[in-house]
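*Asks:* Return atomic coordinates for the entry below.
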Amino acid sequence: MAIDSRMVAFRTKTGGARIRELLSERSPEGGRIDGAGDLLFLSGQVALDPATGKLVAGDIGAQTEQIFANISAVLEAAGKSFDDVMKTTVYLADMKDFAAMNTVYARYFQTPYPARTTIQAAGLPLGAAVEIEVVAR
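*Replies:* Presented below is the predicted three-dimensional model:
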């Protein structure tokens, strides 16, 4: 079954799945969240503008800001916040963009910071410069 862009999939502790419509219109991808016990795994997000469904124009900073706006919307729909994020994975099209991405990234997290892996990856969706996924509790 395909997940509509306005839906989130949750797994119950018994393994069954139920679908809940997102309350927020701010995340164009909606995101997929799979639950494992108390953990939520949010699929990678690129910088899609919710109004157009297209990649936002601008540099790595602008893309990272939009990604965190999209992640925030999905976390809120799941009753979570950035304080609940335990792990992130950042995919950069070019590692030279790390410092600019990190400047934006640092505004969304407080100590203790979530564990993070950053990887250079060629061919991100829609030609994006950055993609970020999170695991929250």
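
*Asks:* burial measure for the residue nearest to Ser81 when sequence neighbours are not counted, as a count.
*Replies:* Counting by C-beta to C-beta, 6 or more residues apart in numbering, the nearest residue to Ser81 once its immediate chain neighbours are dropped is Leu75, at 5.9 Å. (Glycine included, C-beta is placed from N, CA and C.) Applying the criterion other C-beta atoms under 10 Å, we find 24 residues in the vicinity of Leu75.

*Asks:* What separation is there between Leu75 and Val135?
*Replies:* Noted for Leu75: a distance of 11 Å to Val135, by C-beta to C-beta, to the nearest Å.

*Asks:* ok, now Ala115?
*Replies:* Ala115 sits 9 Å away from Val135, taking C-beta to C-beta as the criterion.

*Asks:* Return the list of helices and strands in contact with the lengthiest helix in the chain.
*Replies:* Taking DSSP state H as the criterion, the chain has its longest helix at helix 60-77. Helix 60-77 sits against strand 39-45, helix 98-105, strand 130-136, with contacts defined as 3 or more C-beta pairs under 8 Å, 6 or more residues apart in numbering; DSSP states H and E.

*Asks:* lowest-confidence stretch among those?
*Replies:* Comparing mean pLDDT across those, the lowest value falls on strand 39-45: a mean of 89.

*Asks:* Give the partner strands of it in its sheet and their orientations.
*Replies:* strand 33-36 (antiparallel), strand 130-136 (antiparallel) (DSSP bridges).

*Asks:* Which strand residues bridge the nearest residue to Ile71 once chain neighbours are set aside?
*Replies:* Leaving aside its chain neighbours, Ile71 sits nearest to Gln45 (5.5 Å; criterion: C-beta to C-beta, 6+ apart). For Gln45, the beta-bridge assignment (DSSP bridges) gives partners Ile132.

*Asks:* looking at this, Asp83 is in a strand?
*Replies:* No: according to DSSP: H, G, I helix; E, B strand; the rest coil, Asp83 belongs to no strand; its state is helix.

*Asks:* what sits against it?
*Replies:* When contacts are counted by C-beta atoms under 8 Å, 6 or more residues apart in numbering, Asp83 touches Gln110.
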